[in-house]
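K.L.:
With the input below, show me the fold.
(one chain, ligands or ions: 1)
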Amino acid sequence: MSHVFHRHLHHQYPTAVAGDGPYLIDAQGRRYLDACGGAAVSCLGHSDPQVRNAIAEQVANMAYAHSSFFTSQPMEQLADFLVERAPEGIESVYFVSGGSEAVEAALKMARQYFLEIGQPQRRHVIARRQSYHGNTLGALATGGNAWRRRPFEPLLMEMTHVSPCYAYRGQESTETPEAYGERLAAELDAQILRLGPDSVMAFVAEPVVGATLGAVPAVPGYFRRVREICDRYGILLILDEVMCGMGRTGTLFAAEQEGIAADLTTVAKGLGAGYQPIGATLVSGRIRDAIAAGSGFFQHGHTYIGHATACAAALAVQQVIEERNLLARVRGLGEGLEQRLRDRFAEHPHVGDIRGRGLFWGLELVENRETKAPFDAGRGINGRIKAAAMQAGLMCYPAGGTVDGRQGDHILLAPPFILEEQHLDEVVDKLGTAIDQVLSR
Ligand code: PMP
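P.N.:
So this is what the prediction gives:
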C-alpha cells in the first residue's frame with residue numbers, strides 16, 4: 001500500500017517517470033498527451049532543455065536564500081520581466097509558491113492598503129458564484145464553487161457572491177451580450193450599495209473562468225463596466241489570472257483582451273509551467289506606495305517567498321515563450337483547436353457549449369441540448385471521461401461547477417504552447433472517443 005496520502009485514496013495512479021515534450025510517460029512506458037497541462041500548468045511541455053539548464057545552474061550556485069535575509073538575482077530579474085510586460089499601473093511583484101497563496105496575499109494586501117490609507121472600515125470582498133480561487137481557507141471562501149466549499153462552510157469567512165458572466169446559462173435569449181454584461185454590472189453595483197460602498201474592499205474575478213466551468217470568457221464590455229464600478233466606489237479590482245494568465249489565452253495577461261488593468265493580479269500555473277512551484281501577486285504602484293509610505297512592511301509571509309530556484313525556472317520559462325514567439329503560436333493553434341472542436345462536437349447531442357480563448361477551451365456536457373439540463377451528478381460523467389481519456393493516452397481536466405444545483409460536467413483543455421498541428425488531431429480524436437465511450441454506457 002502507498003504511504004502517500006493521495007487525494008483519491010482508492011485510486012490507482014499510474015507512476016509518471018518521464019516527460020517528452022507534450023507527453024508524460026509512465027513506468028510501463030505508456031505515453032499520455034497532456035491536453036490540459038495538468039491543470040493549465042505545463043505550458044512548455046515536460047522536457048524543455050533551457051528551463052532544465054536554468055534550474056540546474058541555479059541549484060549549483062545557490063538553491064534558496066530566505067527572503068527576510070536576502071534578495072536574489074532570479075527574483076529581481078523575474079520581477080523586472082513581469083512588470084515590464086504587465087498591464088498599466090503594475091509596479092511590483094510579490095512571489096509565492098502557488099495560486100492559492102497568491103490569492104491570499106492579494107486579499108491581505110488589499111486589506112492592508114485600506115488600513116494604510118485610513119479606511120479601516122473596508123472589509124467586504126465581493127466575488128462571483130461559479131469561480132475558483134484556491135483551496136486555502138481565505139481563497140476557498142472567496143471562490144463560489146459550491147462543491148468545493150460545502151464541507152468547510154462553517155470555517156469560511158463571510159464573503160458576498162454575485163452572478164458569474166456565464167453567457168451559455170445566464171444570458172436571456174432576448175438579450176444581447178452587451179445587455180447581459182450591463183445587467184451583471186448593475187447587479188454588482190446593487191450589491192455594493194447594499195453592503196455600503198465604503199465598507200467594500202475588493203471585487204475578485206477570473207477574467208476567463210477555469211476550474212469550475214472550463215474556460216468561460218466574459219461577454220464584451222463586462223470587465224470594462226466592472227472596472228468603472230470599482231473606480232466609482234474606490235474598490236480594488238483583483239483579477240485572478242492563476243489559470244488564464246501567462247499567455248494561456250494568447251496574450252500574456254487575459255485582462256489585456258478586456259482592455260482593463262487590475263489593481264492586483266494573481267498568476268501561478270503558467271508562470272513556472274510546472275518546472276517549479278511558483279505563483280505571484282502583481283501589485284499596482286498605488287498599493288505598493290501606500291504600504292511603503294505607511295508601515296513600510298507587508299504583514300504577511302511564507303518560508304518560500306521568492307524561492308531562487310523557482311524564480312530562475314519561471315524566468316527561463318517566460319524567456320523561452322518570448323524568444324520562440326509562442327504567444328503567436330497559442331493564437332494560431334487556438335484557432336486550429338477551436339475549428340477541430342467545432343467540427344467534431346458542434347452537432348454532438350450532448351455537447352451543449354464550446355467556448356474558450358487561445359489554448360484554453362471548455363466543453364459543457366448536457367443530458368439534453370434543448371433544455372440544457374445537466375447529467376445526473378451520480379453518473380460522474382466528467383470523471384469517467386477523464387478516466388476513459390487516460391486509458392486512451394490523453395489527459396483532459398474535468399471541471400465541475402454547479403449547474404441547476406447539480407454538479408455540472410465540463411471538460412477543460414489547456415495544452416502546452418509547443419504542440420504541433422497533428423497533436424490537435426490527436427487531442428480531438430481521443431477526446432471524442434472517450435466522450436462517446438462514456439455516454440454510450
Ligand atoms: N485561482 C485559480 C483561478 C485557479 O484556477 C487555481 C487552481 N486551479 C487557484 C487559484 C489555486 O491555485 P493553486 O492550486 O496553485 O493553489
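
K.L.:
CA only for contacts and neighbour counts going forward, please
P.N.:
Fine.

K.L.:
sec struct for residue 87, please.
P.N.:
coil (DSSP: H, G, I helix; E, B strand; the rest coil).

K.L.:
ok, now which ones touch it?
P.N.:
With contact set as C-alpha atoms under 8 Å, 6 or more residues apart in numbering, residue 87 has these partners: 253, 255, 256, 260, 261, 262.

K.L.:
Would you mind naming what in the chain lies close to the ligand?
P.N.:
Within the chain, the residues that sit near the ligand (C-alpha under 6 Å from any ligand atom) are 98-100, 132-134, 206, 210-211, 240-243.

K.L.:
Out of those, the closest to residue 407 would be?
P.N.:
residue 211 (12.8 Å; C-alpha to C-alpha).

K.L.:
Could you report the neighbour count for the residue lying closest to that closest one once chain neighbours are set aside?
P.N.:
In space, and not counting its chain neighbours, residue 211 is closest to residue 399: 5.2 Å by C-alpha to C-alpha, 6 or more residues apart in numbering. Applying other C-alpha atoms under 10 Å, we find 24 residues neighbouring residue 399.

K.L.:
Can you report phi and psi for residue 399?
P.N.:
For residue 399, the backbone dihedrals (degrees, to the nearest 10) come out as phi -80, psi 150.

K.L.:
Okay, and the beta partners of it?
P.N.:
residue 410 (DSSP bridges).

K.L.:
wait, residue 393 sits on residue 31?
P.N.:
Yes: taking C-alpha atoms under 8 Å as the definition, residue 393 is a contact partner of residue 31 at 5.9 Å.

K.L.:
Tell me how the chain divides into domains.
P.N.:
Annotated domains of the chain cover 16-48+325-439, 52-323 [automatic domain parsing].

K.L.:
for the residue nearest the centre of the chain, what are its contacts?
P.N.:
Compute the mean C-alpha point of the chain, and by C-alpha atoms, centre = their mean the closest residue is residue 243, 1.8 Å away. By C-alpha under 8 Å, 6+ apart, the contact set of residue 243 is 39, 40, 41, 210, 267, 268, 269, 270.

K.L.:
hmm, back to that, quick check, the residue nearest to residue 211 in contact with residue 209.
P.N.:
No: counting by C-alpha under 8 Å, residue 209 is not a contact partner of residue 399; they are 10.4 Å apart.

K.L.:
Give me the phi and psi for residue 34.
P.N.:
According to degrees, to the nearest 10, residue 34 has phi -90, psi 80.

K.L.:
Neighbours of it, how many?
P.N.:
Residue 34: 30 neighbours (other C-alpha under 10 Å).

K.L.:
What of residue 388?
P.N.:
The burial count for residue 388: 22, using other C-alpha under 10 Å.

K.L.:
and if you look at residue 331?
P.N.:
20.

K.L.:
tell me which element it is part of?
P.N.:
For residue 331, the host element (DSSP states H and E) is helix 326-345.

K.L.:
Can I get the domains of the chain in a markdown table including mean pLDDT?
P.N.:
Converted to a markdown table, these look like this (pLDDT from 0 to 100):
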| stretch | mean pLDDT |
| --- | --- |
| domain 16-48+325-439 | 95 |
| domain 52-323 | 97 |
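
K.L.:
Please dump those into TSV; it should also carry distance to residue 5 for every row.
P.N.:
Below are the domains of the chain laid out as TSV (distance: least, C-alpha to C-alpha, whole Å):
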stretch	distance to residue 5
domain 16-48+325-439	17
domain 52-323	17
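
K.L.:
Pull up the gap between residue 187 and residue 162, please.
P.N.:
7 Å (C-alpha to C-alpha, to the nearest Å).

K.L.:
neighbour count winner among the two?
P.N.:
residue 162 (17 against 14).

K.L.:
Verify the stated contact: residue 177 with residue 168.
P.N.:
No: counting by C-alpha under 8 Å, residue 177 sits too far from residue 168 to count as a contact (10.6 Å).

K.L.:
Show me which of those two is the more surrounded one.
P.N.:
Using other C-alpha under 10 Å, the more surrounded residue of residue 177 and residue 168 is residue 177, with 18 against 15.

K.L.:
Show the contacting residues for whatever residue of the stretch 301-441 of the chain ends up closest to the ligand.
P.N.:
Residue nearest to the ligand within the stretch 301-441 of the chain: residue 399 (9.7 Å; C-alpha to the nearest ligand atom). By C-alpha under 8 Å, 6+ apart, the contact set of residue 399 is 210, 211, 212, 213, 214, 382, 409, 410, 411, 412.

K.L.:
out of these, who's nearest residue 235?
P.N.:
Closest to residue 235, out of all of the contacts of residue 399 and judged by C-alpha to C-alpha, is residue 210, at 24.2 Å.

K.L.:
from what I can see the closest one touches residue 216, true?
P.N.:
Yes: the criterion here is C-alpha under 8 Å, and residue 210 meets it with residue 216 at 6.8 Å.

K.L.:
More neighbours: which of the two?
P.N.:
residue 210 (32 against 26).
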